[in-house]
Every structure is written in C-alpha cells, then in structure tokens.
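Colleague: Mind folding the following:
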Amino acid sequence: MPKASSESAVVRQWEILKLLPSEPPGLTVSAIREHLMADTGIEVTKRTVERDLSDLSVVLPLCSNTKSKPYGWHWLPNAKWEFPGMTFAEAFALGLVEDILRAVAPPRLLGTLARRFELAQSKLRSLPGNRLARWRDLVRYIPPGPAFLPPATDKRVSAAIYQALLERRKTVIRYTRFGSDETKSHTLDPIAFIQQGIRPYLLAASAHGHPALYAMQRIVRAEVTDQPAEPPSGFSLDRFLAEGGMSFGAEKSIKLKARINDELAQILDETPLSGDQRITWRGGECLLTATVPDSWQLVFWILSQGPRVTVTSPVQLRKRIRADLEAAAASYR
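Modeller: Numbering: from 1, shown residues only. As a prediction, the model looks like this:
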C-alpha cells in the first residue's frame, strides 16, 4: 500500500475509534460514515468503514451489537481508552485563530499553545484530501486602511500585566503619554486586556476609580504588588464596550447629520455607523443621520472621507471639520 494511502487509513481509523461509544447500542456504520464526512471531511464508503471496524476488532476490544438491525459498534464493557491529540474540528479552529491567540494569550500559556498549534498543523496536513483542511490557505483577514505594523511592546511588561490580571493584583506602572517624553508613575487596578486590531490596551482603574485605557507599548515598566486589585463596583466590560468605551475621548454621543455621496451611501448601507442610522434622499441630496460617540476617531473618519461627506450638524463638529480641512488645504499651497 502506498505511504500516503497508509497514512490516510491510519488517520481514518483513528477518527473511527474516537467516535465509538462505550456502551450499546453503539453507532451504526452509516452513522460513523456520516460523522467522518461531516466532522472531519473524510470521504469514505460504507464498505471501507465496515472493513476498518472488522480489522480493528481483531486487535482492540470492540463489539458489534447484533441484537437488532441496524447493528451498532461500541467498545466492550469496562474497556478504558483515552485518545491523545485533537479532533479535526479543534485543529480547524486553531488553524484559523492561531495569529489572534498568539497576540492575546498570556506568556505562560504560549508554550502549551505553541505545541497545540503544531499539532493542529500536523493534523490538517495529515488529511490532504480533506477540502476543509485547505480552508486556511483560502482565506485571509485584512484590516481596513493602511497595513500598519503592530506596536512593539516589552515582553516583561506584558508578562507582568497578564499576571496582574489573572491574580487580580494592584500594579504600579511607568507610563509615557502620547506626545510626551516624560514617564509618570500610576498605581492601577487592572480590569481587562483589550486587543483593538493590532493595538493592545490595558483597561485599568486609577486611584479615583475611573476606568481608563493604557496603550501597552507606552508602558515602560510594570510591577505587580501584593495588594489585591479593587476594580470599580458593578463594572461590566461588555457594557463598557457597548457604550463606546474604545472611542477615545468620547464623553457623550451626538446625533451626526451629514450630506454624503452615492459611493459612501452604499458603503454605509452595508456597514452602518450605528443601529439607528438612516440614509434618505431629499431634493436630490443623500442625507445621513446616526447617533455616534463624539470622539477623535469620528473626526478622523470624517476627515478621511474628504468630499464624500459634508457635516451639517452638530455645528461645533462642522466648524472643527471645516477648520481642519482649511488647514490641510493651506499646507498644500
């Protein structure tokens, strides 16, 4: 038998053994075949499954329940079998999220995860005829905008932050604010680690109890203390995010009104700015209304659209956008 064919048979039989229940009535050959095809993508005939079970039962404590048709296969009573490794579904999932997990997993777990990643890749390579095993080669996630490189973070800082979060300990950091060369000391109660695209953040409460975001690349030193952390009472991470917590500088929401062109209207129709977004036509103009966080990110997005959007309300936002555009135009003269 060719080597590739032998390896495929071993993989198939291994998957069959993992499917078998420990007691009657067991699984029928048809059910085993359906599981193999649906869960692992292994294409196989009923006759092949029957032959595999017959061969395996010679050397392993397997039993066919012949009390009633269709006959089911199962392990003999008291047979104890553990199967190391991972299922195809686990390998498939790990293959898709490997890059994300490497970015957010605590360092102490990366060693174990690295072995799991290798095992997942090996599992997928062992099934060359499986169409799903090739899925990772057929998909890519590309973030919108320029392809920025991730910020450089100190591994010792990251390890300390992960430890503080897991052990719920107060942490003293030295932090450099954006636009400043001066570092300041902060005693924080760590709340969560948030990965926004390529940018990692520590969400923590200061002595005043107000949650704030700290860019991981700007933390130059972190020391975990023996004191227990005291996050704000009743704080909800999901509520924080739902209320626009990652919209920096947003203290409130505003009702944005603007004229937009057809191209932007189509984009926003597919990917709305908010749940209450409305796009209407009036007097030959396309009008946008949406409730959004009043943040620098909103200003950044509006400016990035150039002539595709013209803010009409709120007035203060309109004035700011106009001033920024006039300054930009002036720098090109």
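
Colleague: Sketch out the low-pLDDT regions of this protein for me.
Modeller: 1-7, 68, 79-88, 103, 105-113, 115, 127-134, 248-251 (pLDDT under 70).

Colleague: which one's the longest strand in it?
Modeller: When the chain is parsed with DSSP state E, its longest strand is strand 183-196.

Colleague: Do a quick rundown of the strands in the stretch 201-333 of the chain.
Modeller: In the stretch 201-333 of the chain, the segments counted as strands under DSSP state E, counting those that start in this stretch are 211-215, 219-228, 253-260, 278-282, 285-293, 309-313.

Colleague: one step back: list the buried residues of the longest strand of the chain.
Modeller: By neighbour count, and taking 16 or more other Cβ atoms under 10 Å as the criterion, the buried residues in strand 183-196 are His186, Leu188, Asp189, Pro190, Ile191, Ala192, Phe193, Ile194. (Each C-beta comes from the backbone N, C-alpha and C, glycine too.)

Colleague: Roughly how far does the fifth one sit from Phe240?
Modeller: Counting by Cβ to Cβ, to the nearest Å, the separation of Ile191 from Phe240 is 9 Å.

Colleague: Return every residue with contacts to both of the two.
Modeller: Between them, Ile191 and Phe240 have Leu203, Pro211 as joint contacts when contacts are counted by Cβ atoms under 8 Å, 6 or more residues apart in numbering.

Colleague: returning to what we had before: tell me which of the strands of the stretch 201-333 of the chain lies nearest to Ser30.
Modeller: Taking Cβ to Cβ as the measure, the strands of the stretch 201-333 of the chain were each checked against Ser30, and strand 278-282 came out nearest at 52.2 Å.

Colleague: The closest one pairs with which strands, parallel or anti?
Modeller: Sheet pairing for strand 278-282, assigned by DSSP bridges, gives strand 285-293 (antiparallel).

Colleague: Just the buried residues of the strand it pairs with, please?
Modeller: Counting neighbours by 16+ other Cβ under 10 Å, one finds that the buried residues in strand 285-293 are Cys286, Leu287, Leu288, Thr289, Ala290, Val292, Pro293.

Colleague: May I have the beta-bridge partners of the first one?
Modeller: According to DSSP bridges, Ile260, Trp281 are recorded as the beta-bridge partners of Cys286.

Colleague: how about it, what does it touch?
Modeller: So Cys286 contacts Arg259, Ile260, Asn261, Asp262, Ala265, Ile279, Thr280 (Cβ under 8 Å, 6+ apart).

Colleague: about what we covered before: so which of the buried residues of strand 183-196 comes closest to Glu90?
Modeller: Distances from Glu90 to the buried residues of strand 183-196, taken by Cβ to Cβ, are shortest for Phe193, at 24.0 Å.

Colleague: measure the closest one to Arg199 for me?
Modeller: Phe193 sits at a distance of 12 Å from Arg199 (criterion: Cβ to Cβ).

Colleague: for Ala242, same thing?
Modeller: With distances taken as Cβ to Cβ, Ala242 is found 20 Å from Arg199.

Colleague: repeat for Leu138
Modeller: With the distance defined as Cβ to Cβ, Leu138 ends up 28 Å from Arg199.

Colleague: Name the residue in the two with the higher neighbour count.
Modeller: The residue with more neighbours, out of Leu138 and Arg199, is Arg199; 16 against 7, by other Cβ atoms under 10 Å.

Colleague: I'd guessed the more buried one sits against Arg218; true?
Modeller: No - Arg199 is beyond contact range of Arg218, at 10.8 Å (criterion: Cβ atoms under 8 Å).

Colleague: can you count the residues close to the closest residue to Thr225 other than its chain neighbours?
Modeller: Once flanking residues are discounted, Thr225 sits nearest to Lys170: 4.7 Å by Cβ to Cβ, 6 or more residues apart in numbering. In terms of burial, Lys170 registers 20 neighbours under the definition other Cβ under 10 Å.

Colleague: quick one, what contacts Lys170?
Modeller: Ala164, Thr187, Leu188, Asp189, Val224, Thr225, Gln227, Pro228, Ala229, Glu230.

Colleague: tell me which element it is part of?
Modeller: Counting by DSSP states H and E, the secondary-structure element that holds Lys170 is strand 169-176.
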